[in-house]
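1. Output the structure for:
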Amino acid sequence: MSNLPSELRFYYGVVGSSKTANALMTQYNFQERGYTVLLMKPSVDTRDGLHVVKSRIGLQAEAVIVRPEDSLLAYFQSHQLPDMIIADEAQFFSNRQTEEFKELSVSIPVYCYGLKVDFQSHLFEGSKRLLELADTIIEIEALCRCGRKATVNARLDSSGNIIREGSQIFLGGNDAYLPMCYHCWKHTNNIYENP
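-> Modelled structure (predicted):
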């Protein structure tokens, strides 16, 4: 068992707020001190390869993939419990998996990183449950182009138009999403218009 303080933490932010870079730096810092850190991510995130977590600034590490039907508790019945778990793209975990992270956090620290809301400013399933269960909730802030704090993940088409309808899950990077404050998101139709 780890001598680290056991808790469930949720680090959330909008797209481009360096959530994944923070997760990878945290993993590195704890590993440098001799702790075993298991990096996990949901199987829906295939942008950088199935078993890779990669930040926009180029940091990357190998990760264990969690499918929607997987049980985290069952996984650790056949695998040794690490000193710490770091979960990226936590918004995509199911309620059950989030509750299992909470159960695991009785023994070890579990740090989850992810988006709080989608492109319509609605909570993701995993994020909602993390907000309900996490012992510590920390916002990783980013700025809107107007200078206010960004709170919405604006989804864009190829012409810079803001998309307000569609499937909640659509993976993309800087070409598909832009962090915006609620005011700019609500009153802008195309990002090439004046803010």
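
2. partners of the lowest-mean-pLDDT helix or strand in the chain in the sheet?
-> Ranking every helix and strand in the chain by mean pLDDT, DSSP states H and E puts strand 52-54 at the bottom, with a mean of 77. The pairing partners recorded for strand 52-54 under DSSP bridges are strand 60-62 (antiparallel).

3. Give the next helix or strand downstream of the partner strand.
-> Next in sequence after strand 60-62, counting helices and strands by DSSP states H and E, comes strand 64-66.

4. That following strand packs against which elements?
-> Counting contacts by 3 or more Cβ pairs under 8 Å, 6 or more residues apart in numbering; DSSP states H and E, strand 64-66 packs against strand 37-42, helix 72-78. No exception for glycine: its C-beta is placed from N, CA and C like everyone else's.

5. how does it look with 10 Å?
-> Here strand 64-66 touches strand 37-42, helix 72-78, strand 84-87, going by 3 or more Cβ pairs under 10 Å, 6 or more residues apart in numbering; DSSP states H and E.

6. all helices of this protein, in order?
-> Taking DSSP state H as the test, the helices found in the chain are 19-32, 72-78, 95-104, 125-133, 182-187.

7. Identify all contacting residues around the last one.
-> Same thing as helix 182-187. 119-121, 144-146, 148-155, 162, 164, 178-180, 191, 193, 195 (Cβ atoms under 10 Å, 6 or more residues apart in numbering).

8. Need the residue closest to the centroid of the chain.
-> With distances taken as Cα atoms, centre = their mean, the residue of the chain nearest its centroid is residue 114 (1.7 Å).

9. ok, for that one, nearest residue in space, not its chain neighbours?
-> residue 90 (3.5 Å; Cβ to Cβ, 6 or more residues apart in numbering).

10. Quick check, pLDDT for the one you found.
-> Note on residue 90: pLDDT of 96.

11. quick one on the thing from earlier: need the winner for burial among the helices and strands packed on strand 64-66.
-> When these are scored by mean count of other Cβ atoms under 10 Å, the highest mean neighbour count falls to strand 84-87 (a mean of 25).

12. what helices or strands is that strand leaning on?
-> So strand 84-87, by 3+ Cβ pairs under 10 Å, 6+ apart, packs with strand 8-13, helix 19-32, strand 37-42, strand 64-66, helix 72-78, helix 95-104, strand 110-115.
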